[in-house]
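K.L.:
got a predicted structure here, sequence first:
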Amino acid sequence: MAPKQTTAPKTPESLNAGVRSEPRTCAVVAWNPERIRQAEISCACGNYMLAADICEDMFSDDRVSLCLDRLYAATTLPLTFQLPGVDAEASKADPICQALEYDFWKMFPEQVLRDMAKWAGSFFAVLGHIDRWEKDEETGRVLPKISVWSPRSLRSDPELGWVVRCASSSGDYWGTEERITPGDGNWILIVFGSSYRAPYQAPWRAASRWWLLGKIYAPIDWSSSSERHGQGIGVATNTSANPVKTDATQRNALANKLHGLGRNAVAVMPEGWQFSIESDAANVYGTFKSQKEAADAVITFGYLGTNLTSEVTGGSYSAAQVHESIDASKLRSFLELLATGIREQVLVHWHRFNFGSGVAPYPHWDTTPPKDKKAESDARKSDADAFNAYVSAGAQIDQIAWFEGKVQLIPGATQEIKKPAPDVATAPSAPNPFAPNKSKALALGDSSIRAAAAAPTAFERGREYTDQLEGECVAHAAKKLAPTVASVLSAISEATDYEDAKARILAAYGDALPVTTLVRLTESALIMAQLAGVESVNQEVDTGE
């Protein structure tokens, strides 16, 4: 489909509402189990402010940040664009897919995709605003400028639907609420679920309490315990046989002197007094370490669906690292949901503004895991060892078929040796499939097995001939019908409406393959199959097979 040339595309009225700005507010709170429960209840009712705030606080955690970086790394996998109903190879030559391949990274630069992946992976909801549509100086096409918002500004109203709080120029600190329609060319809202409760089921719920326990409370308790038990407590004790009575003033004066001692100080105790350091020998630090490790494990499994098998450094993500660190099902669903949301809410407008009628392509990230070269090498070695063992035992095996996985050895059975095809220039004429069958080379060399192996019957040879005849007829018919099918598909893809599609399809059928050609082909195949059947019956009667 050739792109329609446009110089000044007109945007719909919904895009002339003006720029919206995100309110610059946040809830500064000290998180505790009760406040996390409040965030869950509010989120379940459609108010996402507290839930989004705890997500943003968790973004700074080392393990949460690493998991979200892995999810963003998934968007760096090979990306192609495919038209609905058209295979990947044909889509590569489509001019619209080629244009989108160039424009996609201008519409969704890395920082925008990173923010989208961050909220999608943690909150199951991505809120964005198309600030403006502007003409690209390099291509002349109209492209959107997108900003990603925090879902704390979003809520789901039972009557109004989706409502967003926007910054107000009237001086209202909290801003003003506005009802939005996701996908109208102005707002983007990709929810990983069918209702407003999707964020309530997102990974932040499972991870938040463990994050509070293992990443907030544990370091504080660990440092307090280290300060208290690691340094010990100085104790002055009167150990004389006749202890001298002291009053509170004297004991306080002694304690103050001992407390003020610096490093490497020397203390001379009064007669009859002894100074010692008391410490707790319990390994309480192990508890805090276990809390941190448990929190890291819960966060990792919640966000990625698997444990971290390797650490990514330097910001470079290879396909192997991505597939090793994200569960395969989570990786596919994450990218497919993101791709569908981007296509339905952004790319359809990009296509309409720049190319007019037709359908917009789908982004498609290649989630095929890389080949395991070590496993393939081990499998080839096992095949080679098994092949050598059978040959050493006297078996005659077709080596090519064996390593292609087409040979199965069954006890008491034989295997025919597959010979290489003769050169075309010297190839003899094809033998008559109904000629008397001669003994074939057997896979095993035992004479008793060769004697027990029966040659194919006339019926089996006839069936083999008809199967081959059927395959050749189908291939010939497909080759003849290919231009007609291509013309009809092209007519459908280039049509702008129903009447245009009808006219194009009728025109395409004007040059179609005549029906008589297929009739003659079918009639010839039936006659040849019937003759083969008659011949097989005659041979069976004559030879007693």
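P.N.:
Arrived safely, thanks for sending.
K.L.:
ok, residue 359 touching residue 84?
P.N.:
Yes: Residue 359 is in contact with residue 84 according to Cβ atoms under 8 Å; the separation is 5.5 Å. (Glycine included, C-beta is placed from N, CA and C.)
K.L.:
tell me which of these two has more neighbours.
P.N.:
More neighbours surround residue 359 than the other of residue 359 and residue 84, with 16 against 11 (other Cβ atoms under 10 Å).
K.L.:
sec struct for the more buried one, please.
P.N.:
At residue 359 the chain is in coil, as set by DSSP: H, G, I helix; E, B strand; the rest coil.
K.L.:
where do the helices sit along the stretch 1-150 of the chain?
P.N.:
For the stretch 1-150 of the chain, applying DSSP state H, counting those that start in this stretch gives helices covering 33-44, 49-59, 62-74, 88-92, 95-107, 110-123.
K.L.:
rank these by pLDDT, which is bottom?
P.N.:
For the helices of the stretch 1-150 of the chain, mean pLDDT drops lowest on helix 88-92, to a mean of 88.
K.L.:
so which elements touch that one?
P.N.:
Helix 88-92 sits against strand 79-82, with contacts defined as 3 or more Cβ pairs under 8 Å, 6 or more residues apart in numbering; DSSP states H and E.
K.L.:
what helices or strands is the strand it packs on leaning on?
P.N.:
In terms of contacts (3+ Cβ pairs under 8 Å, 6+ apart), strand 79-82 is packed against helix 88-92, helix 95-107, strand 362-365.
K.L.:
indicate which one of the helices of the stretch 1-150 of the chain is closest to residue 185.
P.N.:
helix 95-107 (12.8 Å; Cβ to Cβ).
K.L.:
deepest of the helices and strands packed on strand 79-82, which one?
P.N.:
strand 362-365 (a mean of 19; mean count of other Cβ atoms under 10 Å).
K.L.:
got the CA coordinates for that one in PDB?
P.N.:
C-alpha atoms of strand 362-365 as PDB (Å, rounded to 0.1, in the frame of the first residue of the first chain):
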ATOM      1  CA  TYR A 362       1.600  -3.800  15.400                       C
ATOM      2  CA  PRO A 363       4.900  -3.600  17.200                       C
ATOM      3  CA  HIS A 364       6.400  -7.100  17.700                       C
ATOM      4  CA  TRP A 365       9.300  -7.800  20.000                       C
END
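K.L.:
domain assignment for the chain?
P.N.:
Per automatic domain parsing, the structural domains of the chain span 13-208+307-365, 371-455, 456-545.
K.L.:
residue 290 is nearest to which of those?
P.N.:
domain 13-208+307-365 (15.1 Å).
K.L.:
what's the longest strand in the protein?
P.N.:
strand 125-135 (DSSP state E).
K.L.:
can you list the strands that that one pairs with?
P.N.:
Paired strands of strand 125-135, with direction, are strand 142-149 (antiparallel), strand 187-191 (antiparallel) (DSSP bridges).
K.L.:
residue 50 is nearest to which of these?
P.N.:
Of all the strands paired with strand 125-135, strand 142-149 sits nearest to residue 50, with 16.3 Å by Cβ to Cβ.
K.L.:
related to what we said a few turns ago, quick one: the longest strand of the chain to helix 110-123, angle?
P.N.:
160 degrees (axes from the mean of the first three to the mean of the last three Cα atoms, to 10 degrees).
K.L.:
convert the C-alpha atoms of strand 125-135 to CSV, please.
P.N.:
This file holds the C-alpha atoms of strand 125-135, laid out as CSV (Å, rounded to 0.1, in the frame of the first residue of the first chain):
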residue,chain,number,x,y,z
ALA,A,125,-1.0,0.7,34.7
VAL,A,126,0.7,3.3,32.5
LEU,A,127,-0.6,6.8,32.4
GLY,A,128,0.7,9.2,29.7
HIS,A,129,-0.2,12.4,28.0
ILE,A,130,0.4,13.4,24.4
ASP,A,131,1.6,17.0,25.0
ARG,A,132,1.5,17.9,21.3
TRP,A,133,1.7,16.6,17.7
GLU,A,134,4.4,18.3,15.7
LYS,A,135,5.9,17.9,12.2
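K.L.:
pull stretch 247-258 out as PDB, backbone CA atoms only.
P.N.:
Only the C-alpha atoms of stretch 247-258 are listed here, as PDB (Å, rounded to 0.1, in the frame of the first residue of the first chain):
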ATOM      1  CA  ASP A 247      27.000   7.300  97.500                       C
ATOM      2  CA  ALA A 248      25.200   8.200  94.300                       C
ATOM      3  CA  THR A 249      27.300  11.300  93.700                       C
ATOM      4  CA  GLN A 250      30.600   9.300  93.900                       C
ATOM      5  CA  ARG A 251      29.300   6.600  91.500                       C
ATOM      6  CA  ASN A 252      28.100   9.200  89.000                       C
ATOM      7  CA  ALA A 253      31.400  11.000  89.100                       C
ATOM      8  CA  LEU A 254      33.300   7.700  88.400                       C
ATOM      9  CA  ALA A 255      30.800   6.800  85.600                       C
ATOM     10  CA  ASN A 256      31.300  10.200  83.900                       C
ATOM     11  CA  LYS A 257      35.100   9.800  83.900                       C
ATOM     12  CA  LEU A 258      34.900   6.400  82.400                       C
END
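K.L.:
how many neighbouring residues does residue 498 have?
P.N.:
So residue 498, with other Cβ under 10 Å, has 8 neighbours.
K.L.:
quick one: end-to-end distance for stretch 55-66.
P.N.:
Start-to-end span of stretch 55-66 (Cα to Cα, to the nearest Å) is 14 Å.
K.L.:
start at 608, not 1
P.N.:
I'll keep to 608 as the first residue from here, and by that count the last item is stretch 662-673.
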